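In: predicted model follows, preceded by the sequence.
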Amino acid sequence: MHYLQIADDKYGSDELSKLVSSGLSLLGLDSYQTITVNTKNNRISIGFQTLEDANTTRTIAGIPTHPRNKTFRSRDVNQFVLNLYSVATTSINNVT
């Protein structure tokens, strides 16, 4: 089984999917239908119901927005998770 290491912790595909799901939910990006993580290739794909959520996720990842594609893809799960939680914790800290 392949794992990705983020900081000192190792995560499998299922664990990363749950972690990403939690991070997206913290930001109110709840229209995702599928989250697929490939730890072997360090890739992630997230299928959204709304273009707005897909483009917001692209912005978080530093990827240009797309006018019609509701599927977010990244070739660096590690960096995406770090960006996602950086934005989520900043957002939470600014609300309280």
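Out: Cool, got the structure.
In: chain neighbours aside, what residue packs nearest to residue 4?
Out: With sequence-adjacent residues excluded and distances taken as Cβ to Cβ, 6 or more residues apart in numbering, residue 4 is closest to residue 39, at 4.9 Å. Any C-beta I mention is one placed from the backbone N, CA and C, and that applies to glycine too.
In: where's that neighbour relative to residue 84, distance?
Out: Taking Cβ to Cβ, to the nearest Å as the measure, residue 39 falls 16 Å from residue 84.
In: can you list contacts of the longest helix along the chain?
Out: Longest helix of the chain, by residue count under DSSP state H: helix 77-95. With contact meaning Cβ atoms under 8 Å, 6 or more residues apart in numbering, helix 77-95 is reached by 4-6, 16, 19-20, 23-24, 26-27, 37, 39, 42-44, 60-62, 74.
In: the same query, at a cut-off of 6 Å, please.
Out: 4, 6, 23, 26, 27, 37, 42, 44, 60, 61, 74 (Cβ atoms under 6 Å, 6 or more residues apart in numbering).
In: of the residues you listed, closest to residue 67?
Out: Nearest to residue 67, judged by Cβ to Cβ, of the contacts of helix 77-95 is residue 61 at 17.2 Å.
In: got a list of what that closest one touches?
Out: Neighbours of residue 61 in contact, by Cβ under 6 Å, 6+ apart: 74, 80, 83.
In: which ones among the contacts of helix 77-95 map onto helices?
Out: 23, 26, 60, 61.
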